[in-house]
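Undergrad: predicted structure and sequence below. I'll ask about it afterward.
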Amino acid sequence: MVTKNKMVWSPTKSNDFKNIVRDIKKLSTSGIYSSQNVFFKNDVFNYICSLESDSSLDYAKRNIILDTLLCARKYSPGTEVLLADMIVSADSYNTERVCRISSGEAASLTKSKIKNRKAQRIFQSIVDLMGTTGRIHITEEPISSTEIKLSEGCEINITIDHRFASQSNVKNIKFDFVNVCIIEGAPASVSEINRLLTHCHENNTVLLLLARSFPEEVINTLSVNWNSKKLRVMPYVYGDSVYNINSHADLAAVSGAIPVSQMFGDSLSSDLTEKFGSLLQFVNREKKVIAKPTCDPKRLINDLKTKLSKVDWSNHDSVEIITRRISALSDKTLYVKIAKSQESWRIKNEIDIAIAQYNSYCRKTIIVKRNGKLEKLPYDIYKKATELQNTFRTLTEKIGGFIVYCDKKH
């Protein structure tokens, strides 16, 4: 008879998170005073960030929840709020159906989730001015009252060649009018585009020249002539990141330029002026240009929206790329400056959440049954929160247990 010791892992139901979960529940009702701030439901991410830990174990537990909420927040502001509600609630969400709702109903549903009345008013102003398209920049500023300013101009994610930029003073340069020439591919030499450069010199043409890349010879020639004020040709590149791989198509849509392509028998040595497009109120910025379009990109925007509707909600990268393109093609940018105060961080947070939820509602809405009542939620935010809830519960269920030794007799 032989006796052997065997180690066995015996899991236990973990209560390690009960204190944090209890506090998150309070956020939805009375709020919690912590770190000289009062936090409410929409502030759940900020509240967890502010928690101070007495021990390394408490700090580790806090970080597990914080990492989960951060993942939700990075996907879309407001996802962390629904996720926190799912984590602390025993309620089950039963899907009824997926539907589309009007922008008016989407705004109403979104406003019902905003606690701060000032944030509600600012959100309504944003919806009235922008709808579901356009870019919104929200900042806290040392001003006396909130300012909302609408600016016209689309954004195209193209970058001026770094070698040209280092040799020429083009930072934030502005032009009332620029011509646009788009090359699908890259010129091989100066001689290949000599006819184009001669035209620009003789007609004093300001030209945005876009290509995949430029040889050193071309950059040096353009730089020397730019600095001597003989040419106003700016070499831009695209396709060096996933966010600008289709920027030539976006630029063509807003400028009316016809891309020069060898696939269609085009030659760079021919007369390219017939393929020129144009932009108004042009401004060069870091990694982008801002300009007023001369052509309506509505057709491309509709195609992108159709493509977006067919993308799997879990493919976050693809969703973000398409969403960025749609936003950039809009000729409107709304600048919201919130007067900095003790409450301004909360107002900004609620507006960020509201805009994300409103746009999500407008794309697709899901109707779920919770405690016998039907509730409309933004589809992609709900799906992401559900996925992260399952991940979180699986993780926490594996936490807690002990090793036991047992004798095994043969």
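TA: Perfect, I can see it now.

Undergrad: any idea how far Ser241 is from the residue nearest the centre of the chain?
TA: Of all residues in the chain, the one closest to the mean position by Cα atoms, centre = their mean is Glu320, 5.7 Å from it. Going from Glu320 to Ser241 by Cβ to Cβ, to the nearest Å gives 13 Å. Where you see a C-beta, it was placed from the backbone N, CA and C, and this is true even at glycine.

Undergrad: list the beta-bridge partners for the residue lying closest to Asp250 once chain neighbours are set aside.
TA: Using Cβ to Cβ, 6 or more residues apart in numbering and skipping the chain neighbours, the partner closest in space to Asp250 is Ile156 (5.5 Å). Here Ile156 sits in beta bridges with Val289, going by DSSP bridges.

Undergrad: then the helix or strand encompassing the residue nearest to the centre of the chain to PDB, C-alphas only?
TA: For Glu320, the element it lies in under DSSP states H and E is helix 316-329. Presented in PDB, the C-alpha positions along helix 316-329 are these (Å, rounded to 0.1, in the frame of the first residue of the first chain):
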ATOM      1  CA  HIS A 316     -14.000  48.100 -33.900                       C
ATOM      2  CA  ASP A 317     -11.000  49.100 -36.100                       C
ATOM      3  CA  SER A 318     -13.100  49.000 -39.300                       C
ATOM      4  CA  VAL A 319     -16.000  50.900 -37.700                       C
ATOM      5  CA  GLU A 320     -13.600  53.600 -36.500                       C
ATOM      6  CA  ILE A 321     -11.900  54.000 -39.900                       C
ATOM      7  CA  ILE A 322     -15.200  54.400 -41.700                       C
ATOM      8  CA  THR A 323     -16.700  56.600 -39.100                       C
ATOM      9  CA  ARG A 324     -13.600  58.900 -39.200                       C
ATOM     10  CA  ARG A 325     -13.900  59.100 -43.000                       C
ATOM     11  CA  ILE A 326     -17.600  60.100 -42.900                       C
ATOM     12  CA  SER A 327     -16.900  62.700 -40.200                       C
ATOM     13  CA  ALA A 328     -13.900  64.100 -42.100                       C
ATOM     14  CA  LEU A 329     -16.000  64.500 -45.300                       C
END
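
Undergrad: what does the next helix or strand after that helix contact?
TA: The C-terminal neighbour of helix 316-329 among helices and strands, as given by DSSP H and E, is strand 332-339. Here strand 332-339 makes contact (Cβ atoms under 8 Å, 6 or more residues apart in numbering) with 122, 126, 129-130, 133-153, 155, 344, 347-348, 351.

Undergrad: quick one: distance of the helix or strand where Ala252 lies to the chain centre.
TA: Ala252 is part of helix 247-255, with elements assigned from DSSP H and E. Distance of helix 247-255 from the chain centroid (Cα atoms, centre = their mean, to the nearest Å) equals 20 Å.

Undergrad: I'd like the numbering to begin with 58 instead of 1 from here.
TA: Sure, I'll start numbering at 58, so the last one becomes helix 304-312.

Undergrad: for it, name the packing helices and strands.
TA: Judged by 3 or more Cβ pairs under 8 Å, 6 or more residues apart in numbering; DSSP states H and E, helix 304-312 is in contact with strand 211-213, strand 231-239, strand 263-268, strand 334-342, strand 345-350, helix 355-367, helix 373-386.

Undergrad: per-residue pLDDT, Thr69?
TA: For Thr69, the pLDDT comes out at 59.
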